[in-house]
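> Quick check, what structure comes out for this input:
(one chain, ligands or ions: 1)
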Amino acid sequence: MAILFDMDKRIFYLHTKNSTYQMQADKHGYLLHLYYGKRLDAPMDYMLTFFDRGFSGNPYDADRDRTYSPDVLPQEFPVLGTGDYRNVAFKVREDNGCYGCDLRYEGFRISEGKYALPGLPAVYAEKADTLEILLKDARLGLEVYLMYGVIEENDIITRSVRVENVSGSRVYLEKVSGACLDFLYGQYDLITFYGRHAMERNLQRMEIGHGRQSVGSSRGCSSHQYNPFVILADAHATESMGECYGASFVYSGNFSAEAEKDQFGQTRFVMGLSEEQFSYPLSKGECFYAPEVILSYSGEGLNTLSDHFHQCVKKHICRGRYRDQIRPVLVNSWEACYFDFDGDAIVELAEQAAELGVEMVVLDDGWFGHREDDNSSLGDWEVNERKLGCTLAQLSQRIQEKGVRFGLWIEPEMVSEDSDLYRNHPEWAIAIPGKKPVRARNQLVLDFANPIVVQYIYEKISAVLKQARIDYIKWDMNRSLSDIYSGNTKEQGKVLYDYMLGVYSLLERLTTEFPDILWEGCSGGGGRFDMGMLYYTPQIWCSDNTDAIDRVYIQYGTSFGYPLTAMGSHVSAVPNHQTGRVTDLGTRGVAAMTGAFGYELDLRKLTDVEKNQVREQVARYKQVAPLLYDGRYYRLSNPFQEEFGAWIVVDREKKTALLSVVLLERHGNMPVIYVKLQGLSSDAKYREQDTGRVFSGAALMAYGMPITLKYGEYQSCQILLEKIESN
Ligand code: GLA
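As a prediction, the model looks like this:
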């Protein structure tokens, strides 16, 4: 059992292979956080210290003991109202405006298996254990269950919270954060992934100081701007050394990740739902679930931490048939022809795809309603047969006759004002009565907090999916939410959360009903790249930016919390449509060769030489795909600090490895690039497949390899190494 309880000391131990998490229900019934770090069995309550501190109050039941203060002691689930003036994880407003919740320990339950969260995505695992700790506020009649899932093998601990109003009058939940971590001392950095549309997940590493540092989203989606994955790293931690903690929010809506060093140099980290526009009413008999936070600890630096999250996504978040399957190489029509296509053009694309080994054609935006640009028809999920020149079934059949599979784009959560749906049901769009809503991409958001709207969209989309053989769906979401109001409720503080439940319910229903479809998430590229979406769609379009050089940065940042298999990545045309940059086809292939590889250009326009190159690229990808899917990924350079991007994927047996290097900046008379490899076997030799050169694994890891690149900008290389002997 990975979860133990010491009855005398009332200490809980959560053990994973390499980490231990401890907390204690103390004499006053407060649940104190004792420890999270390297695996150990010793009780850590000796670390608690008690001093009389000025202006840190004492609970009434501590009597005259001025040395006991929730303001100073490490808290497992800090609440507003107990005299802990730091950032808290839980805020409850009573009907009269008071904030006086006081949660005390009541009991616990340990069970086998991993808890699930109704209506919400969450980690699942066959081999896992669950701990539920009950905290209670008797005056408010509130029961709060802190839930912990322990996946020992993968060094993963999950946290969530269930709040039940068992006997009280109505209260409003104003903040419910799934996770809080208190550190007694130490200097930590907060690593976050910021960005913008078409340039997501850049890395920022900042020392945690006094004053709250936070990232989050109030856009109704997890956002391009800040990813809901962050790392707390010891100030000295590097890729391969030092202590670090990762936290990933399994949710696709508003979030907040907050870190603060307090008056005594203690660090608190809180992650969960954003407080903005959140005020969830809870009447007697009602219950609320906070989305889950996945935590992991590594004592061996950032790379090991990333591997924990990669494994977690691959084995415990993604589901369905494609979870472990190598995904088809696809060509997407978006950058190939945007809205300018007919059925014949798509069939020709399929024909060309078949010749080059590309396995699927995806018909992106523009196939429904009268959508000829991005100003109309969202919500009218009727096939535009006039444009296609045939039915969807006929189109898919014509494509399949070429030996190529067929995929389609949808954007279910949106509505255009120029649509029959909006004309018939303007009240289904999210907008505040009497106020003109903010438009974005000239579209509005449907009220998915209203189950009737979700049901309607379900019927329309499932009717499309039944019309033809469709092997893939790209689920897009192309604006942030604003003007939050649902005609379906009197409590607008619930809408953003209920909206996400609506989205998840539709995803669950469609992915269950159409299990053979490969689902890809998308939100203007990576605007909703999070664990919540990955629970339904095993891959997400990483960015609308397909520029090979920018992708090196974007994929580098993404790799800290997500595996290659999750990143949709395509080779596109040059000059690149987002940056105007010209890179050669080889480099575009190297950059795009992640777990979910494809093309985003008009294959028909390639020259014969380029077609041969594409054929070779596809063949190479198919050769290395098993390695990319199951191998261990190491970042070998930091593109934000170096002139090149370098990474390697090594299979778990250390028999093959694929090294990729992309030159980001070219200067005159440049120094040679040397790359130190990682993850190889130090007592083995490796042969470079293309040249036959033989290297010692130990040498490659100790002193590296000189990388020789062709003359010119943005050159790259990909080196496949195969183990040949063991000493
Ligand atoms: C978004 C997506 C693109 C494409 C367009 C279609 O921007 O990220 O890949 O599908 O929508 O409108």
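
> most residues in a single helix of the chain, which one?
Secondary structure of the chain per DSSP state H: the longest helix is helix 608-630.

> Just the buried residues of it, please?
613-614, 617-618, 620-621, 624-625, 627-630 (16 or more other C-beta atoms under 10 Å). Where C-beta positions appear, they are placed from N, C-alpha and C, glycine not excepted.

> what's the answer for stretch 305-318, then?
305-318.

> And stretch 514-527, by the same measure?
Those would be 514, 517-527, for stretch 514-527 by 16+ other C-beta under 10 Å.

> That stretch and the ligand in contact?
Yes. Interface with the ligand: stretch 514-527 contributes 522, 524-525 (C-beta under 6 Å from any ligand atom).

> Hmm, V649 and I719 touching each other?
No. With contacts counted by C-beta atoms under 8 Å, I719 stays clear of V649, the gap being 11.5 Å.

> Need the residues touching each of the two.
L658 (C-beta atoms under 8 Å, 6 or more residues apart in numbering).

> for whichever residue of the stretch 101-250 of the chain sits closest to the ligand, what are its contacts?
Across the stretch 101-250 of the chain, the shortest distance to the ligand (C-beta to the nearest ligand atom) belongs to H197, at 8.4 Å. Neighbour list for H197: 224, 524-525, 527, 544 [criterion: C-beta under 8 Å, 6+ apart].

> Residues of this structure that sit close to the ligand?
Checking the chain against the ligand by C-beta under 6 Å from any ligand atom, the hits are 334, 364-365, 374, 409, 476, 478, 522, 524-525, 541, 544.

> Now with 5 Å, please.
Applying C-beta under 5 Å from any ligand atom, we find that the chain lies next to the ligand at 334, 364-365, 522, 524-525, 544.

> ok so, going back, and the buried residues of stretch 514-527 as JSON lines, adding secondary structure?
What follows is the buried residues of stretch 514-527, written out as JSON lines (DSSP: H, G, I helix; E, B strand; the rest coil):
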{"residue": "F514", "secondary structure": "coil"}
{"residue": "I517", "secondary structure": "coil"}
{"residue": "L518", "secondary structure": "strand"}
{"residue": "W519", "secondary structure": "strand"}
{"residue": "E520", "secondary structure": "strand"}
{"residue": "G521", "secondary structure": "strand"}
{"residue": "C522", "secondary structure": "coil"}
{"residue": "S523", "secondary structure": "strand"}
{"residue": "G524", "secondary structure": "coil"}
{"residue": "G525", "secondary structure": "coil"}
{"residue": "G526", "secondary structure": "strand"}
{"residue": "G527", "secondary structure": "coil"}
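
> okay, those in TSV with pLDDT and distance to G100 next?
Output for the buried residues of stretch 514-527, formatted as TSV (pLDDT from 0 to 100; distance: C-beta to C-beta, whole Å):
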residue	pLDDT	distance to G100
F514	98	49
I517	98	50
L518	98	51
W519	98	45
E520	98	47
G521	98	41
C522	98	44
S523	98	40
G524	98	43
G525	98	45
G526	98	42
G527	98	39
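
> Now do the SS call for Y686.
strand.

> Without its sequence neighbours, what residue ends up closest to it?
L721 (4.1 Å; C-beta to C-beta, 6 or more residues apart in numbering).

> Torsion angles phi and psi at the one you found?
Backbone geometry at L721, expressed as degrees, to the nearest 10, gives phi -110, psi 140.

> partners of it in the sheet?
On the basis of DSSP bridges, L721 is bridged to A657, E688.

> What distance do you get for it to Y621?
Going from L721 to Y621 by C-beta to C-beta, to the nearest Å gives 17 Å.

> And I317, by the same measure?
24 Å.

> need the contact list for whatever residue of the stretch 251-400 of the chain ends up closest to the ligand.
Using C-beta to the nearest ligand atom, the point where the stretch 251-400 of the chain gets nearest to the ligand is D365, with a distance of 3.5 Å. Residues counted as contacts of D365 (C-beta under 8 Å, 6+ apart) are 334, 338-339, 371, 374, 409, 411, 476.

> Could you turn the buried ones of these into a PyMOL selection?
Selection of buried members from the contacts of D365 for PyMOL, criterion 16+ other C-beta under 10 Å:
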select buried, resi 334+371+374+409+411+476
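
> Save the contacts of D365 as JSON lines, and put in secondary structure too.
Below are these laid out as JSON lines (three-state DSSP):
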{"residue": "W334", "secondary structure": "helix"}
{"residue": "Y338", "secondary structure": "coil"}
{"residue": "F339", "secondary structure": "coil"}
{"residue": "R371", "secondary structure": "coil"}
{"residue": "D374", "secondary structure": "coil"}
{"residue": "W409", "secondary structure": "strand"}
{"residue": "E411", "secondary structure": "coil"}
{"residue": "D476", "secondary structure": "coil"}
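
> And the pLDDT at the residue most central in space within the chain?
Centroid-nearest residue in the chain, with C-alpha atoms, centre = their mean: D530, separated by 2.1 Å. Among the per-residue scores, D530 shows a pLDDT of 99.

> Could you number the chain from 34 rather than 1 from now on?
New numbering, starting at 34: the last item is D563.

> I figured it was touching Y284, is that so?
Yes. The criterion here is C-beta under 8 Å, and D563 meets it with Y284 at 6.9 Å.

> Overlap in contacts, those two.
255, 261.

> any idea where the helices of this protein begin and end?
Under DSSP H, the chain gives helices at 335-345, 367-370, 376-389, 418-421, 425-434, 453-457, 484-500, 528-546, 564-567, 581-592, 618-625, 641-663, 730-735.

> Let me know which of those is tucked in deepest.
Ranked by mean neighbour count, the helices of the chain are led by helix 564-567 with a mean of 28 (mean count of other C-beta atoms under 10 Å).

> right, and L306 touches V209 too?
Yes. Contact criterion C-beta under 8 Å: L306 and V209 qualify, at 6.0 Å.

> Mind listing the shared neighbours of the two?
Shared contacts of L306 and V209 (C-beta under 8 Å, 6+ apart): A323.

> Could you measure from the closest residue to V112 other than its chain neighbours over to L206?
Once flanking residues are discounted, V112 sits nearest to F123: 4.6 Å by C-beta to C-beta, 6+ apart. Separation of F123 from L206 (C-beta to C-beta): 8 Å.
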